[in-house]
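Participant: just to be clear, the model below is a prediction. Sequence and coordinates:
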Amino acid sequence: MKFKLLLAFSFWALLLAVSCNKDDITFDEPTQPLSFSRDTVFCDTVYHQVRSETYVVKVYNNENKDVIIPRINLEKGASSLYRINVDGKAGYDFKDVPLRKKDSLYIFVEIAPEATGPEAIAEDRVLFSSGAGQQHVTLFSVVQDAEFFIKTPTNPNVIDVNTTWSNTKAKIIYGDLTINPGIKLNIQAGTKVYFHSNSGMKVSDAATLNINGALNNEVILRGDRNDTYYDTIPNNWNSIRMEANSILNMTHARLFGGKRGLDMKKATATINNSFIHTFQDYGIYALTSTVNATNLVMNNCGLSCIWIYGGGNHSYTYATIANYSKTLASFTREGIFATNEWKDDNGQTQQAALQQLSIKNSIVYSDKDNAVHVEPSLNQQFGFLIQNSLIKYSNISESGYDFSNSLIVTQSDKNKDPQFINYFTAKQNLRVKPLSPARNVGAPLSSVTTDIVGVSRSTTPTLGAYE
């Protein structure tokens, strides 16, 4: 019994001693500057009254003693568009924040702003005040005013009258937005259209989508996550789905970052001076459709930049159709795939009318053995014309194909690489270098006098979208 009492007494004495030691820990003001995981937080572009994702800053105590930071606060105080969370507590002003020696604490940052115009800069600073002086971390974000199109059980999310979108507000789409049959949607230069995850646009039967960008004032169509990380990854949204007899006129636009770009079914598209890149499956997926494209740049599509099936008519002039990707390296990543056959809704193989595929003054290239894959059916031959182009295509022995004045690159020929300046998406620049074999070997075309950035074409033009 005495032993048990002694043991119990010893336990409580030890617990008391530990408690006393914990209470006796002293925290001094820092005598050395704190250090941070980053000195500037670049938040994602945010929209009117929409909360951003949360960003993290770590604060490090490099001293060999426990310190107390007298004050951590937002410089603009309660009027700041930002809110911070310091060591688990939300607010904008914090006093006497302890930080153990050689340890760190987390500061979480987010912004949910009120827009005061089409686009503005939101900037503030997190201040750290101590005996070692004042330090800060800068917070920076672009704030856009926005108009929302949200599909719900009670809102079908349709455009049922002829409509024009201006660039005064970004357009944010949740769920499918449908342009009703026979209706026109005009999108003016500089407009930004953002699609939430699993969202897209449907252009119905006989409807028209006019995307009217301008040089240095493109129309942007992309996912609604604007952090630069999302500039280089696909599958952030679905597609622009074009139904039978629908029409797309697109100039000076940049379409990227979804599952499919243009998903066309017996539709027509005219594309000029535009970029289509970074799609999980296809940039253009066309069933029995017509596409006429000039000064088009494509890259970074998992299965193929262009997938043509079920007939149709396709013309690509001064196009740069590359397909390189680190993110999608395990995919087939063809430049152009074309076949006359297709499967109907019952899974039965069908054959369409004669398909025309014309490629002029263009580059079709990738790091795969073939950038072009053509599968004519048994009963139909392609009208397949490649003129004055640089094509990575090993199967040149196939009869009936016209490769007039073109540079055809086989597996063994490494001297005809177009020499892109940078073909990976993060720093994508698909201009060709000065000694590229694609320079000054095209045939002049009176219908196209400038390149994608407005530079005049020479009498011996460079292949692809850039002169």
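Facilitator: Ah, there it is. Quick caveat, the model's predicted, so the values are computed rather than measured.
Participant: residue ranges of the strands in the stretch 1-150 of the chain, please?
Facilitator: 35-36, 40-42, 46-47, 55-60, 67-74, 82-86, 89-91, 93-99, 104-111, 119-130, 133-144, 146-150 (DSSP state E, counting those that start in this stretch).
Participant: of all those, which one comes closest to residue 262?
Facilitator: Residue 262 sits nearest to strand 146-150 of all these, at 19.5 Å, using CB to CB. In this view, the C-beta of every residue, glycine as well, is placed from N, C-alpha and C.
Participant: quick check: buried residues in that closest one?
Facilitator: By 16 or more other CB atoms under 10 Å, the buried positions in strand 146-150 come out as 146, 148-149.
Participant: pLDDT of that strand, averaged?
Facilitator: The pLDDT scores in strand 146-150 average 89.
Participant: then stretch 251-270?
Facilitator: Rounded mean pLDDT across stretch 251-270 is 97.
Participant: gap between it and the chain center?
Facilitator: 14 Å (CA atoms, centre = their mean, to the nearest Å).
Participant: buried stuff in that stretch?
Facilitator: 251-270.
Participant: CA atoms only: put that stretch into PDB for me.
Facilitator: C-alpha atoms of stretch 251-270 as PDB (Å, rounded to 0.1, in the frame of the first residue of the first chain):
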ATOM      1  CA  THR A 251     -10.400  34.700 -85.300                       C
ATOM      2  CA  HIS A 252      -7.600  35.800 -82.900                       C
ATOM      3  CA  ALA A 253      -8.700  33.400 -80.200                       C
ATOM      4  CA  ARG A 254      -6.900  31.200 -77.700                       C
ATOM      5  CA  LEU A 255      -8.800  28.000 -76.800                       C
ATOM      6  CA  PHE A 256      -7.100  25.600 -74.300                       C
ATOM      7  CA  GLY A 257      -7.000  23.500 -71.200                       C
ATOM      8  CA  GLY A 258     -10.100  21.200 -71.600                       C
ATOM      9  CA  LYS A 259     -11.000  17.600 -72.500                       C
ATOM     10  CA  ARG A 260     -11.700  18.500 -76.200                       C
ATOM     11  CA  GLY A 261     -11.500  21.800 -77.900                       C
ATOM     12  CA  LEU A 262     -14.000  21.800 -80.800                       C
ATOM     13  CA  ASP A 263     -16.200  18.700 -80.700                       C
ATOM     14  CA  MET A 264     -17.900  18.900 -84.100                       C
ATOM     15  CA  LYS A 265     -20.800  16.900 -85.600                       C
ATOM     16  CA  LYS A 266     -21.700  17.800 -89.200                       C
ATOM     17  CA  ALA A 267     -20.700  21.400 -88.400                       C
ATOM     18  CA  THR A 268     -18.600  24.100 -90.100                       C
ATOM     19  CA  ALA A 269     -15.700  26.100 -88.700                       C
ATOM     20  CA  THR A 270     -13.700  28.900 -90.200                       C
END
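Participant: where does pLDDT dip in the stretch 251-400 of the chain?
Facilitator: 352-354, 376-382, 394-400 (pLDDT under 70).
Participant: hmm, back to that, using TSV, lay out the strands of the stretch 1-150 of the chain together with distance to residue 463.
Facilitator: Putting those into TSV (distance: least, CB to CB, whole Å) gives the following:
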stretch	distance to residue 463
strand 35-36	49
strand 40-42	37
strand 46-47	40
strand 55-60	43
strand 67-74	54
strand 82-86	49
strand 89-91	57
strand 93-99	60
strand 104-111	45
strand 119-130	37
strand 133-144	37
strand 146-150	40
